[in-house]
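Trainee: no sequence on this one, just coordinates:
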């Protein structure tokens, strides 16, 4: 590791935005989290990449070959929810208005990591840019956004929840994560400044920024999809959300109500069972254990009920493709049984989720990896001048449609606050 340098993340991102079409920032916000959070890592420029725009151009073997070829380097991974179509058969092909690639995996040419004593260049190429980065002047151009419009209105949302309950009553599913989307137009957004604002509003352990050509992700995700350290896998699904309260006593009451909610515990445990089943496909017999069940953690804007499941890989050199085929998409964003839930999601949501419900993360030089769940995120297509974000919740027979609608309002609050700070078109 090269000696630390005195420049800020904003200078790094400003330099990246001025000179490169591809850059990323993984940011765990130094949050204390079981099994750790994302490191603070910024990478820009593309030394090498594997991109598949859609299901027809994607190859599992090509993905594995790319990752194997670049062992010893940092690899940034971006996986679209639509990859499910390459794992299971779905006859209806829905459209993603933002048109994000199915898979985008790249090796940054310049990599910087933040250590306790400052940002450090990870490689020689990155060290050579330090004088230019340190001299970068940070500016904050103004941007404009239109107010977001929901894909499903309030009455439509309520009607769909009642339709889901019919499926639940027949026993076709036991739980499903149904999502609504919100979209609008924008002009001249400074993405890294907007990301920093989002991160101030809602700092999270799996926060991320990714820009690749016209596609941009700003994520304030609290959820880990999968972590691999040596041969140990950790998954930490979230099910159960309560908004924070300004009054300390009321806030504690909110947290305690979530902790003791039988409904939320039931939803969480259903997904824990699903994740245990998925992990058992690639882990040694008897190694899959629940380390922590239905523990409530507190973040800036929400309380979250989180469980931690651990397993030990049966095959230590398991290909990345095998990991994804066993575990993706994550149970917390689908439901149980998983296949029927995914089929019903496509039928009811009527549009492809795109990168939402997918994952972004990294593969470290030693082969370890950490991937988040893309939730609490806003997505942009610069060429179309279109932005989009989503929110969903777990629906079971115990769900109250109006309360589920309000939960989505709580989850989108940071993004709605962020958009309020930009001038209306």
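Mentor: On my side now, so go ahead. This is a predicted model, so every value here is computed, not measured.
Trainee: right, and the helix or strand after the helix or strand where residue 276 lies?
Mentor: Following DSSP states H and E, one finds residue 276 within helix 262-280. Per DSSP H and E, the first helix or strand lying C-terminal to helix 262-280 is strand 289-298.
Trainee: so what touches that following strand?
Mentor: 33-34, 222, 240, 244, 255, 258-259, 264-265, 268-269, 272, 276, 303-311 (CB atoms under 8 Å, 6 or more residues apart in numbering). In short, each C-beta sits where N, CA and C put it, glycine included.
Trainee: pLDDT on the helix holding residue 276, on average?
Mentor: Taken as a whole, helix 262-280 has an average pLDDT of 95.
Trainee: would you list every one of the helices in the stretch 1-150 of the chain?
Mentor: 9-19, 60-69, 124-128, 130-134 (DSSP state H, counting those that start in this stretch).
Trainee: of the ones you listed, which stretch is the most buried?
Mentor: Stretch with highest mean neighbour count among these: helix 9-19 (a mean of 20; mean count of other CB atoms under 10 Å).
Trainee: rewinding a little: ok, which of the helices of the stretch 1-150 of the chain comes nearest residue 363?
Mentor: helix 60-69 (6.4 Å; CB to CB).
Trainee: how about residues contacting the closest one?
Mentor: Under CB under 8 Å, 6+ apart, the answer for helix 60-69 is 48, 50, 52, 75, 86, 103, 105, 319-321, 325, 363.
Trainee: for the stretch 201-350 of the chain, which segments count as helices?
Mentor: 248-259, 262-280, 320-327, 338-349.
Trainee: mind putting these into a markdown table with mean neighbour count and distance to residue 90?
Mentor: A markdown table is the format used below for these (neighbours: other CB atoms under 10 Å; distance: least, CB to CB, whole Å):
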| stretch | mean neighbour count | distance to residue 90 |
| --- | --- | --- |
| helix 248-259 | 14 | 34 |
| helix 262-280 | 19 | 18 |
| helix 320-327 | 18 | 15 |
| helix 338-349 | 19 | 6 |
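Trainee: could you dump the ones you listed to a markdown table with distance to residue 119?
Mentor: Listed next are the helices of the stretch 201-350 of the chain as a markdown table, based on distance: least, CB to CB, whole Å:
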| stretch | distance to residue 119 |
| --- | --- |
| helix 248-259 | 35 |
| helix 262-280 | 35 |
| helix 320-327 | 28 |
| helix 338-349 | 41 |
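Trainee: of all those helices, which one is nearest residue 167?
Mentor: Taking the helices of the stretch 201-350 of the chain one by one with CB to CB, helix 338-349 is closest: 6.4 Å.
Trainee: which elements pack onto the closest one?
Mentor: For helix 338-349, the elements it packs on are helix 154-169, strand 175-187, strand 335-336, judged by 3 or more CB pairs under 8 Å, 6 or more residues apart in numbering; DSSP states H and E.
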